[in-house]
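Undergrad: Give me the fold of what follows.
(2 chains)
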Protein chains: 2
Amino acid sequence: MTARLVHGGDLGSLRSAFPEAPQPFVDLSTGINPWPYPVHVPNDAWTRLPQRDAEVLCREEMAAYLGAPPSSLLLTPGTQIAISLLPLLVSRSHVAIASPTYGEHEQAWRTAGHSVTAIDVGNIAGLASDVIVITNPNNPDGRQMSSDLLLDLARRQAAKDGLLVVDEAFADVAPEISLAAHGGMEGLVVLRSFGKFFGLAGLRLGGVLAPETLRRRMEAAFGPWSVSGAALAVGATAYADAGWVADMRQRLSAAAAQLDKLLDGNGLQLIGGTSLYRLATAPDAARLHRHLSSHGIHVRRFPYAESWLRFGLPSGEETTRRLAAALESFS
Amino acid sequence: MTARLVHGGDLGSLRSAFPEAPQPFVDLSTGINPWPYPVHVPNDAWTRLPQRDAEVLCREEMAAYLGAPPSSLLLTPGTQIAISLLPLLVSRSHVAIASPTYGEHEQAWRTAGHSVTAIDVGNIAGLASDVIVITNPNNPDGRQMSSDLLLDLARRQAAKDGLLVVDEAFADVAPEISLAAHGGMEGLVVLRSFGKFFGLAGLRLGGVLAPETLRRRMEAAFGPWSVSGAALAVGATAYADAGWVADMRQRLSAAAAQLDKLLDGNGLQLIGGTSLYRLATAPDAARLHRHLSSHGIHVRRFPYAESWLRFGLPSGEETTRRLAAALESFS
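TA: Model prediction:
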């Protein structure tokens, strides 16, 4: 059993590491939209078991939003549990993970006893692995792969009874590269997250698009009612709200451009990202990270790349001002 | 893959089966407390990933409520997902299930490829099965087994590397028979449910007490953040609210006695239950079930026992009045 990975977004440990830092803590350590979709939970969604028609509605709205066949979609209590569970439902495999990426993929496949290799995404063409895992767009560097290229790869995996797993946790801001429309095809698993783009990471809602046999196996492993009544209600409303979605894509994109300007103006070099987070290098990243933390601003570091810092979006003027002041006071 | 079992509590299918029945539908088809714990969800619980300290607090409050060692407890998004997942983490076994009981146990073990036998609880003493599953108190008949007897059985299972799985979904109203204090001992898995006693089945919160190796395996299968921020917040508050718990036990017990009187006065014969549901036989149960449904009152039938009807508690005077009127008009 491997230890828990370190993730962004946990304020308790930050507060104890930097007890003197000014409050409130500015958490830029995740890629979660700081402008959440409004939450309205009907009373029945708390008191009753999650209702079948609420589940059907949420699934249909999510599928419509994704342009995916509803029958290929399984709703899950967050994406993470699908990442953790999937390796238990696949026979012992050799797994290639396009790296670096979200660390829980490797952890989950290894813990379940599969053999795992980290690969560079440039070397995918001739790969013989049973399972290939690609995050698209990638976290943390935002690298994007075209849907055509991935579709080819999925077809090749299908032909040899293999799997291509595409984690589209951040694809809400890059819908043109999504494979969701091909949900259900043999050889392809697509993982989707609700909480990041809609800013409701605590709600726990995700989706898996998978070929029928595997989808049924996952469905049995989750059993009925794995998704809360609140998640079904909020998810159904949010996925149907095309106006909010379009506005939010623009707002995030503008905020990301503004953040880029701020980082660039303070000597950081942008190397990628999505409009939910930006990845930059700094010559003295470890010290800058500590400096920001002591100013109550938390950004994300990565154990495998010393000079990288990932910045989530500041939620407004005050947060931006504090980030700017902290960056400017670094020397 | 087996089909979905039929459960109580799904109003959509009832409405379409009895479109002319008076509204609102009175749902007595579950064993969920009709007087829910009040829900207050701090805004951060929606927007942030479920926080580590919120998880620790909820786990500690639940463990204290149960009198269980916190280190043996894993929080889950409802109990059902633990029932569905557990069979994937246990090597191919012969499984004996004290029956009749909650149908998802059999479904889950069979679907995962184990061999399953339904046993009578009286025949447990010499049982050679690797895994024994007992719901205590049982659903639907309320049969109770003493903690001493089950503890003996758990020790015997441990001695042969087997498991005793005790589903205590309704043990909140019979805490004296719980094995929670022995959580973590080898050979014993205890499943607990939040939603039934606290009346919040849509929240999705449960707990598993398991020996360390198995608990860690389950923890890895769920991954981080499987329980929502709302469930952690509400669960922590509710489990710490000893006054509410004591009052609710009394209130449920009084309501169950009142329901018994009503059923008895209308020619049904009580055969068991807990203070969250009552099981009765009626000479013409199928017809009575339809009669109640056509009056907008839904109670539970069981495919294996034609004369059984299970009644949840009416939520108040109006509901009780409607149930009484419907029972009295049956001839």
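
Undergrad: The stretch 201-331 of chain A against chain B: which residues are in contact?
TA: With C-beta under 8 Å from any C-beta of the partner chain as the criterion, the stretch 201-331 of chain A meets chain B at residues A:201-204, A:216-217, A:220-231. From N, CA and C alone the C-beta is placed, and that goes for glycine too.

Undergrad: if you set the cut-off to 6 Å instead, what comes out?
TA: A:201-202, A:204, A:216, A:220-223, A:225-226, A:228-229 (C-beta under 6 Å from any C-beta of the partner chain).

Undergrad: Just these: which are in helices?
TA: Mapping those onto helices (DSSP state H) picks out A:216, A:220-222, A:229.

Undergrad: Using PyMOL, define a selection of the buried residues within those.
TA: Applying 16 or more other C-beta atoms under 10 Å in any protein chain shown to those, the buried members can be selected in PyMOL as follows:
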select buried, chain A and resi 220+221+222+229
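
Undergrad: want to try TSV for the ones in helices among the residues of the stretch 201-331 of chain A next to chain B, with pLDDT and distance to B:Tyr277 as columns?
TA: Putting these into TSV (pLDDT from 0 to 100; distance: C-beta to C-beta, whole Å) gives the following:
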residue	pLDDT	distance to B:Tyr277
A:Arg216	97	31
A:Ala220	97	27
A:Ala221	97	28
A:Phe222	97	25
A:Gly229	98	21
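
Undergrad: out of the residues of the stretch 201-331 of chain A next to chain B, which one sits closest to A:Gly187?
TA: Set against A:Gly187, the nearest of these by C-beta to C-beta is A:Arg216 (16.2 Å).

Undergrad: Look at A:Glu106 and tell me its secondary structure.
TA: Under DSSP: H, G, I helix; E, B strand; the rest coil, A:Glu106 falls in the helix class.

Undergrad: my read: A:Pro314 touches A:Arg322, true?
TA: No - checked against C-beta atoms under 6 Å, the pair A:Pro314 and A:Arg322 is beyond contact range at 8.0 Å.

Undergrad: Neighbour count for these two, which is higher?
TA: Between A:Pro314 and A:Arg322, counted using other C-beta atoms under 10 Å in any protein chain shown, the more crowded position is A:Pro314 (21 against 18).

Undergrad: How much space separates that one from chain B?
TA: A:Pro314 sits 15 Å away from chain B, taking C-beta to the nearest C-beta, to the nearest Å as the criterion.

Undergrad: do A:Ile83 as well
TA: Using C-beta to the nearest C-beta, we find A:Ile83 at a distance of 6 Å from chain B.

Undergrad: That residue is in what secondary structure piece?
TA: Here A:Ile83 sits within helix A:80-85, counting by DSSP states H and E.

Undergrad: how about stretch A:276-290: buried residues?
TA: Residues A:276-280, A:282, A:285, A:288-289 are the ones in stretch A:276-290 that count as buried (16+ other C-beta under 10 Å).

Undergrad: Just those residues: which are in strands?
TA: Of the positions in these, A:277-280 sit in strands, assigned by DSSP state E.

Undergrad: Kindly reformat those as CSV containing pLDDT.
TA: Shown next, in CSV, are these (pLDDT from 0 to 100):
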residue, pLDDT
A:Tyr277, 98
A:Arg278, 98
A:Leu279, 98
A:Ala280, 98
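
Undergrad: Which of these lies at the shortest distance from chain B?
TA: A:Tyr277 (14.2 Å; C-beta to the nearest C-beta).

Undergrad: contacting residues around that closest one?
TA: Counting by C-beta atoms under 6 Å, 6 or more residues apart in numbering or on different chains, A:Tyr277 makes contact with A:31, A:310, A:312.

Undergrad: Name the member of the residues you listed that has the highest neighbour count.
TA: Busiest of the contacts of A:Tyr277 [other C-beta under 10 Å] is A:Gly31, holding 29 neighbours.

Undergrad: Tell me if I'm right that it and A:Arg278 touch.
TA: No - using C-beta under 6 Å, A:Gly31 makes no contact with A:Arg278, being 9.5 Å away.

Undergrad: residues touching the closest residue to chain B within the stretch 1-150 of chain A, list them.
TA: Using C-beta to the nearest C-beta, the closest approach of the stretch 1-150 of chain A to chain B is made by A:Ser84 at 3.2 Å. Contacts for A:Ser84 (C-beta under 6 Å, 6+ apart) come out as A:108, B:221, B:223.

Undergrad: how many neighbours does A:Ala108 have?
TA: Using other C-beta under 10 Å, A:Ala108 has 25 other residues around it.

Undergrad: all helices of the stretch 1-150 of chain A, in order?
TA: According to DSSP state H, counting those that start in this stretch, the stretch 1-150 of chain A carries its helices in the segments A:11-17, A:43-47, A:52-66, A:80-85, A:104-111, A:147-159.

Undergrad: Let me have the ones you listed in TSV, adding mean pLDDT as columns.
TA: Shown next, in TSV, are those (pLDDT from 0 to 100):
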stretch	mean pLDDT
helix A:11-17	82
helix A:43-47	97
helix A:52-66	98
helix A:80-85	98
helix A:104-111	98
helix A:147-159	96
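
Undergrad: Single out the most deeply packed of the ones you listed.
TA: Sort those by mean neighbour count, taking mean count of other C-beta atoms under 10 Å in any protein chain shown, and helix A:80-85 sits at the top with a mean of 26.

Undergrad: before we move on, the earlier item: any chance of the helices of the stretch 1-150 of chain A in CSV with distance to B:Pro175 as columns?
TA: What follows is the helices of the stretch 1-150 of chain A, written out as CSV (distance: least, C-beta to C-beta, whole Å):
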stretch, distance to B:Pro175
helix A:11-17, 31
helix A:43-47, 23
helix A:52-66, 33
helix A:80-85, 30
helix A:104-111, 35
helix A:147-159, 52
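
Undergrad: who wins for proximity to B:Ser293 among those helices?
TA: Nearest to B:Ser293, of all the helices of the stretch 1-150 of chain A, is helix A:52-66, at 17.3 Å by C-beta to C-beta.

Undergrad: what helices or strands is the closest one leaning on?
TA: Judged by 3 or more C-beta pairs under 6 Å, 6 or more residues apart in numbering or on different chains; DSSP states H and E, the packing partners of helix A:52-66 are strand A:73-76, helix A:229-239.
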